[in-house]
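Undergrad: what shape does this take:
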Amino acid sequence: MEGGHPGYGLDYQHNEKKGGMTLVNKNLISTQKSLLSYLLKKMGRNLLSGKSLTNISFPVALFQPLSLLERHAQTFGHLDFLEKAAQAADAVTAMKYVSAYVIASQTLNIQQQKPFNPILGETLQCHLNGNPVYLEQISHHPPVTAFYVPSSGYTMHGTFSPNASLSANSCTCNFTGSTFFEFKDSSGQPSYSFEYKHPNFIIHNTAIGKNYLNFSHKSFLVDEQNDRMVTICYAEKGLGGLKQKSKTIDEIYGGIYQVTPEAITRLLAAKKHPTFELNHKTEVLLEISQLRGVWSQRLTFDEETFWEDGK
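TA: Numbers count the residues shown, from 1 in each chain. Just a heads-up that it's a prediction; the model follows:
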């Protein structure tokens, strides 16, 4: 389309050889280089030691003309997958559609411009494809956004709290908080519910080289009631013990597993869930379905496509 991708416009191109999304917006690249010089002068060596960027003032030139609440609302652009999940015949099929929702939503949240911080208690109410969406800034330091999306067949709610840190030539963002999906049957009674944990997000070559971004480590969708878990392992730092040969760094692997209750408890209690390792020998009772794809392009379960970007 003329304006580019609905999530990132014309700012990125997919690196077909290596994988990941390469920043090609020359104005934004120039602005980022200036920002790095500014931060180095302001913070010196503390900047490169992994110190959080959350409480640092940035030049206004780097800001996107949106608030953080508006930025979060933009990530809810694939709610149609949740409607399909609500109509699914069983919880496993619903998990596949919710997985498609969270993977597709990642392409809507990769802008490198910084949104403006909301004031404490600031709210946003809007409609996306007829769905009401409610957001509120419930903490300023650290920044935490609460959201609530009701529909006739489901409710999505949770909190979202990004934290970014800079190293010598990269920036890593991790997300605390969970997204909860609660579904209803045809009579309006609760049927099944899932909890989602986010992966990490890395911007490479912030100082030297071609700037590109990628998701890394792992994300999880948990059905605690039925002891099931979707694991999404990102080829960059996420494969762990999986014996996979990745062609590109943005490939994803994993599956839907029947697991022990202890595995669910251990994951939900983990302080750093993106690096959580599921023990396939002692904690996995059954592999229900295999997951494959590329986070910026497609998602399949057992070779059936559940999401393909642009279609």
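
Undergrad: contacting residues for the closest residue to N25 other than its chain neighbours?
TA: When the adjacent residues along the chain are set aside, N25 lies closest to D11, with 4.3 Å between them (C-beta to C-beta, 6 or more residues apart in numbering). Quick note: C-beta positions are derived from backbone N, CA and C, even for glycine. By C-beta atoms under 8 Å, 6 or more residues apart in numbering, D11 lies in contact with G4, L23, V24, N25, L28, Q111, Q112.

Undergrad: what is the burial count for the residue lying closest to D250 once chain neighbours are set aside?
TA: Using C-beta to C-beta, 6+ apart and skipping the chain neighbours, the partner closest in space to D250 is G19 (3.9 Å). Residues within reach of G19, counting by other C-beta atoms under 10 Å, total 22.

Undergrad: now name the helix or strand holding G19.
TA: Element membership of G19 [criterion: DSSP states H and E] is none; it lies in no helix or strand.

Undergrad: now do the contacts for it.
TA: G19 neighbours (C-beta under 8 Å, 6+ apart): N214, A235, S246, K247, T248, I249, D250, E251, V294.

Undergrad: flag whichever of those residues scores worst on pLDDT.
TA: Within the contacts of G19, pLDDT reaches its minimum at S246, with 72.

Undergrad: distance check, the nearest residue to it once chain neighbours are set aside against S216.
TA: When the adjacent residues along the chain are set aside, S246 lies closest to A235, with 3.8 Å between them (C-beta to C-beta, 6+ apart). The gap separating A235 from S216 is 9 Å, by C-beta to C-beta, to the nearest Å.

Undergrad: which one's more surrounded, these two?
TA: Neighbour totals were compared for A235 and S216, and A235 leads with 24 against 21 (other C-beta under 10 Å).

Undergrad: show me what contacts that one?
TA: With C-beta under 8 Å, 6+ apart, A235 has these contacts: G19, Q244, S246, T248, I249, D250, E251, I252, Y253.

Undergrad: ditto for A86
TA: Contacts of A86 (C-beta under 8 Å, 6+ apart): A94, S151, S152, G153, Y154, F183, K184.

Undergrad: change it to 7 Å
TA: Shown in contact with A86 (C-beta atoms under 7 Å, 6 or more residues apart in numbering): G153, Y154, F183.

Undergrad: how near is it to S191?
TA: Per C-beta to C-beta, A86 is found 9 Å from S191.

Undergrad: what of G20?
TA: Distance from G20 to S191, by C-beta to C-beta: 38 Å.

Undergrad: those two: who's more crowded?
TA: Taking neighbours as other C-beta under 10 Å, G20 and S191 compare with G20 leading, 22 against 18.

Undergrad: mind listing what that one touches?
TA: Per C-beta under 7 Å, 6+ apart, neighbours of G20: Y212, L213, N214, I249, D250.

Undergrad: can you do 10 Å?
TA: The contact partners of G20, taken as C-beta atoms under 10 Å, 6 or more residues apart in numbering, are 12, 14, 202-204, 210, 212-215, 235-236, 248-250, 295-296.

Undergrad: for L69, give me the backbone phi and psi.
TA: Torsion angles at L69 (phi, psi; degrees, to the nearest 10) stand at phi -70, psi -40.

Undergrad: rewinding a little: between the contacts of D11, which is closest to L68?
TA: Q111 (11.8 Å; C-beta to C-beta).

Undergrad: identify the contacts common to A235 and S216.
TA: Joint contacts of A235 and S216 (C-beta under 10 Å, 6+ apart) are I249, D250.

Undergrad: ok, back up a step: helices - which of the contacts of D11 land there?
TA: L28 (DSSP state H).

Undergrad: about what we covered before: per-residue pLDDT, the residue nearest to D250?
TA: 92.

Undergrad: quick check: it vs I103, distance?
TA: 15 Å.

Undergrad: just send the contacts of A86 back as JSON lines, with neighbour count and pLDDT too.
TA: Listed next are these as JSON lines, based on neighbours: other C-beta atoms under 10 Å; pLDDT from 0 to 100:
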{"residue": "G153", "neighbour count": "17", "pLDDT": "94"}
{"residue": "Y154", "neighbour count": "23", "pLDDT": "97"}
{"residue": "F183", "neighbour count": "22", "pLDDT": "97"}
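
Undergrad: could you pick out which of the residues you listed are located in helices?
TA: Going by DSSP H, the helices hold none of the contacts of A86.
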